[in-house]
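S.K.: after the sequence you'll find the predicted model.
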Amino acid sequence: ALGLLLAGGLSGAPAPTTDREAWVIATYNVGNYTLADRRVGAAFRRAYPKPEAEKAALRAGIARLDADVLILQEIGGEDFLAELRRDLRSEGVQYPHGGVVAAADSDRRLAWLSRRPPREVRAHTDLRSVQAGRSEPVRRGLLELRWTDDAGELVVFGMRLKSRVAREAGDPGAAGLRLD
């Protein structure tokens, strides 16, 4: 799940019309683009990289999106983002700007790619969730990107909520935690 907020777009007043060209803003769960325990064919592999066929399908999907700003969920970190950017570039898809949020989950992170340099990038990594009286960090943090031009300011927030993998027997599918 991703929360996107465009500045001025959610207020009670109608958004002013501007001459700003339209931006395509998208999010993509890249499905453990990292070393992860996974089933590959009939075998189970520990700390195994994302299979090349899955990477190729992911790149094709990103190319079809043709987004100006892309928020990525479940990427392994800077090295994995650099690999993805390199492979996209070799296929003619350019994202000269990007980064990774370093939050509590060091295995599956939140990242961003952009065709235009943001004025500001903020990683909010001190957020907490309370479930059953227990407080824990929002594992992947919250990403905030800001662009400013003559037409005004554009703000994009990105977040990956808790997966459905449950740690509590009384909360199958982690439904309670996902609602906090």
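M.R.: In hand now; what should we look at?

S.K.: residue with max distance from the center of the protein?
M.R.: A42 (29.8 Å; C-alpha atoms, centre = their mean).

S.K.: show me the helices in this protein, by range?
M.R.: Applying DSSP state H to the chain gives helices spanning 52-65, 78-90, 175-179.

S.K.: mean pLDDT and distance to R46 added to those helices, as CSV?
M.R.: No exception for glycine: its C-beta is placed from N, CA and C like everyone else's. Below are those laid out as CSV (pLDDT from 0 to 100; distance: least, C-beta to C-beta, whole Å):
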stretch, mean pLDDT, distance to R46
helix 52-65, 98, 17
helix 78-90, 98, 17
helix 175-179, 61, 26
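
S.K.: contacting residues for the closest residue to E91 other than its chain neighbours?
M.R.: Leaving out its chain neighbours, the residue that sits closest to E91 by C-beta to C-beta, 6 or more residues apart in numbering is R59, at 6.0 Å. By C-beta atoms under 8 Å, 6 or more residues apart in numbering, R59 lies in contact with L84, D87, L88, E91, V93.

S.K.: okay, stretch 111-127 in CSV with CA atoms only?
M.R.: The C-alpha trace of stretch 111-127 is given here as CSV (Å, rounded to 0.1, in the frame of the first residue of the first chain):
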residue,chain,number,x,y,z
ALA,A,111,13.1,3.6,-2.6
TRP,A,112,12.3,6.3,-5.2
LEU,A,113,13.3,7.0,-8.8
SER,A,114,12.7,10.3,-10.6
ARG,A,115,13.3,11.9,-13.9
ARG,A,116,13.6,15.4,-12.3
PRO,A,117,15.6,16.2,-9.2
PRO,A,118,13.5,16.9,-6.1
ARG,A,119,14.1,20.0,-4.1
GLU,A,120,13.9,18.0,-0.9
VAL,A,121,13.9,14.4,0.1
ARG,A,122,12.9,13.4,3.6
ALA,A,123,12.9,10.0,5.2
HIS,A,124,10.6,9.8,8.2
THR,A,125,12.0,6.8,10.1
ASP,A,126,10.9,7.6,13.6
LEU,A,127,7.3,6.6,13.1
